[in-house]
Structures are given as C-alpha cells and as structure tokens.
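S.K.: Just a sequence and a predicted model for now, questions to come.
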Amino acid sequence: MTVAGKSQTVALELKLDPRLSTSQADMEQQFDLLKQIAERITQTHDTINQIRDIRTQLRELEKRLAKDEKAKPILTAARELDKKMTPVEEELIQTKSRAPQDPLNYPIKLNNKLTGLFGVVESADAAPTKQSYDVFQVLSEKLDKQLAAWKEIQAKELSEFNRLVREREIPAVIVPPSSGQTR
C-alpha cells in the first residue's frame with residue numbers, strides 16, 4: 001500500500017468465515033464450477049456479438065448495393081446467410097425480450113439459463129449440488145450444439161458469401177453518389 005509517498009507491504013491471508021463449516025474442497029468445487037459457467041456465458045455472448053456484427057455488416061452492404069444490378073446475387077446470399085444465423089442467435093438469446101416483463105411472454109434462452117445457474121451456484125458457501133452439475137451438463141450440450149452450428153455457418157455459408165463478394169469484385173469501400181448539390 002502506498003500513502004503519502006510511503007509504501008508498506010504486508011502479507012495477507014484470506015480465511016473462510018469462521019461461522020461456516022464449508023471445507024476448502026467444497027469452496028474449490030464451487031469456484032471451479034462458477035469458472036466453467038462463466039466461460040460458457042462468455043462463449044455465448046461472444047457468439048451473439050459475432051452474429052450481430054455480421055448482420056450489421058450485411059445490412060450496410062445491402063443498403064450500399066441496393067441499386068446495383070450486378071449485386072443481386074450478393075443481396076440474395078446476404079439474406080440467406082442472415083436466415084441461417086437467426087436460429088442460432090435465437091437459441092442463444094431471447095431476441096424478442098425488450099422489457100422486464102417480456103420473459104413472461106417469451107421463454108428465456110441459453111444465456112439467461114446459464115446466468116441463472118451461475119446465481120444458484122454462487123448463492124451459498126457450499127459445494128455445488130449434483131443438480132447444478134446436471135443442469136450445467138445439459139446447458140453445455142445445448143450450447144455446444146449451437147456453437148457447432150455457428151462454426152459450420154462460418155465455414156460454409158459465410159465463406160461462400162465472401163467468395164461471391166470477391167468474385168463480383170464488390171469494393172470494400174465506396175464513395176456514395178453526390179446529392180447533385182454544389183456549394
């Protein structure tokens with residue numbers, strides 16, 4: 001610690017709350033499961049962000065190429081790519097949920113389920129229950145299925161889309177037409 005230009009270093013030892021009877025091994029099990037859940041939540045959110053970023057790029061490309069006749073196959077491919085990405089996104093996150101009451105009308109998806117499980121596991125100073133591990137396993141399997149689908153879309157449809165764009169020689173950056181007004 002440094003205060004008013006003077007530094008002091010002291011060893012610090014963390015101890016369990018003496019009121020608890022939880023063993024170190026139980027706390028480590030809880031920590032390990034929480035870490036695994038957090039990693040899966042991160043994978044889920046990273047994938048959602050990738051899908052949404054690609055969708056934004058596709059929409060910008062559609063706007064830019066809307067009047068270009070040679071770009072029609074690209075626009076069709078962009079819509080098809082979006083159609084392939086949407087089911088993956090909709091399994092990862094509830095896309096219709098906008099307001100706090102919406103989960104009453106639309107079921108929660110993997111990101112919310114994993115986050116809920118994280119809350120359950122961290123809610124007590126104890127080893128996770130068998131049910132927590134079971135739920136984690138089920139959710140992980142469902143997530144793995146969606147991540148595999150996303151990887152396949154990237155390897156096939158997205159690669160094919162990019163090949164088509166290169167083949168049609170669509171420029172990455174273009175100057176938009178002027179409005180015809182001069183200053």
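M.R.: Structure's in. What do you need?

S.K.: S21 in helix, strand or coil?
M.R.: Secondary structure for S21, judged by DSSP: H, G, I helix; E, B strand; the rest coil, is coil.

S.K.: Based on its surroundings, how many neighbours for it?
M.R.: 10 (other CB atoms under 10 Å). Bear in mind the C-beta positions are built from the backbone N, C-alpha and C, glycine included.

S.K.: how close does it sit to R40?
M.R.: 30 Å (CB to CB, to the nearest Å).

S.K.: Next one, pLDDT for the residue nearest the centre of the chain please.
M.R.: Geometric centre of the chain, nearest residue: H45, 1.6 Å, by CA atoms, centre = their mean. We note a pLDDT of 96 for H45 in this prediction.

S.K.: which residues touch it?
M.R.: N111 (CB atoms under 8 Å, 6 or more residues apart in numbering).

S.K.: Now do the helices in the chain.
M.R.: 24-65, 72-92, 110-122, 130-153, 159-167 (DSSP state H).

S.K.: nearest to P100, of those helices?
M.R.: helix 110-122 (12.7 Å; CB to CB).

S.K.: Show me what counts as buried in that closest one.
M.R.: 110-114, 117-118, 121 (16 or more other CB atoms under 10 Å).

S.K.: go on, stretch 159-178?
M.R.: 161, 164-165, 170.

S.K.: Tell me if I'm right that L139 and Q43 touch.
M.R.: No - using CB atoms under 8 Å, L139 makes no contact with Q43, being 11.4 Å away.

S.K.: Could you measure from L65 over to I153?
M.R.: Taken as CB to CB, the span from L65 to I153 is 21 Å.

S.K.: hang on, the earlier thing: list just the nearest of the buried residues of helix 110-122 to Q94.
M.R.: N112 (6.9 Å).

S.K.: who touches the closest one in this structure?
M.R.: Counted by CB under 8 Å, 6+ apart, N112 has contacts 93-94, 103.

S.K.: From the chain's centre, how far out is stretch 97-110? Work that out for me.
M.R.: 17 Å (CA atoms, centre = their mean, to the nearest Å).

S.K.: That stretch: end-to-end distance?
M.R.: From its first residue to its last, stretch 97-110 covers 13 Å (CA to CA, to the nearest Å).

S.K.: Show me the contact partners of that stretch.
M.R.: By CB under 8 Å, 6+ apart, the list of residues contacting stretch 97-110 reads 44, 90-94, 96, 112, 116, 139, 142-143, 146.

S.K.: please redo it, this time with the cut-off set to 6 Å
M.R.: 44, 92-94, 96, 143 (CB atoms under 6 Å, 6 or more residues apart in numbering).
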